Structure formats: structure tokens, C-alpha cells
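K.L.:
coords please:
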Amino acid sequence: MAEPVIKEEKAPEKKAAVTKKSKTKKQIAKKKQAAKKKAKLAAKTKKKNELGLKTKKKAKVATKKPAKKKKSAKKV
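P.N.:
Here you go, the predicted model:
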């Protein structure tokens, strides 16, 4: 009778370990994917810099002054 009780206790522990493991695997996969994306972007910018295609962002010029808010008359 003692043996099945021990088996029942071990089963949930194994399941918990599996879920924990899969979680870390997912995190590792996410980090790898992010690193890949970063490396790809870095390579792209490096290529652009070598070709001299670096574009400067144009400064926004305000042509019109923003309209002032009208103060509404307070009712007494």
C-alpha cells in the first residue's frame, strides 16, 4: 500500500519539472530569436553605412502656431 502512495507523490513533481523546463526553453528560444533579429539589423545598417546611404532625419518645421484653447465662461 505504501508503494502506490509514493508513485502518486512523484507524478506531480515530474509534471512541474516538465512545465518549468518548457518555460525556460521558450525563454531561451525568445532570446535567440531576438539576438538573430538584432544581428540582422546590425548587418543591414553596416551595409548601408559602407555604401554611404545613411539618411539624415529631417527636422520638423512648425509652419503654423498651434491654436490657443478658448476659455469657456463659467456659469455661476
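K.L.:
what about Ala34, distance to Lys60?
P.N.:
Distance from Ala34 to Lys60, counting by CB to CB, to the nearest Å: 31 Å. The way it works is simple: take the backbone N, C-alpha and C, and place the C-beta from them, glycine included.
K.L.:
Comparing these two, which shows the higher neighbour count?
P.N.:
Ala34 (10 against 6; other CB atoms under 10 Å).
K.L.:
what residues are up against the more buried one?
P.N.:
For Ala34, no residue meets the contact criterion (CB atoms under 8 Å, 6 or more residues apart in numbering).
K.L.:
Now it: which helix or strand?
P.N.:
Using DSSP states H and E, Ala34 falls within helix 2-51.
K.L.:
average pLDDT across that helix?
P.N.:
Per-residue pLDDT over helix 2-51 has a mean of 74.
K.L.:
and if you look at stretch 59-69?
P.N.:
72.
K.L.:
ends of it, how far apart?
P.N.:
26 Å (CA to CA, to the nearest Å).
K.L.:
ok, and for it, which residues are buried?
P.N.:
Of the residues in stretch 59-69, none is buried by neighbour count under the rule 16 or more other CB atoms under 10 Å.
K.L.:
tell me the SS of Lys70?
P.N.:
coil (DSSP: H, G, I helix; E, B strand; the rest coil).
K.L.:
Now do it against Lys64, distance only.
P.N.:
Going from Lys70 to Lys64 by CB to CB gives 17 Å.
K.L.:
Ile28 now?
P.N.:
Note on Ile28: its distance to Lys64, by CB to CB, is 52 Å.
K.L.:
Repeat that for Lys48.
P.N.:
34 Å.
K.L.:
before we move on, what about Ala29?
P.N.:
Ala29 is 50 Å from Lys64, by CB to CB.
K.L.:
Check Lys26 too.
P.N.:
From Lys26 to Lys64 the distance is 50 Å (CB to CB).
K.L.:
got it, and Ala35?
P.N.:
45 Å.
K.L.:
Please apply the same query to Ala73.
P.N.:
Ala73 is 27 Å from Lys64, by CB to CB.
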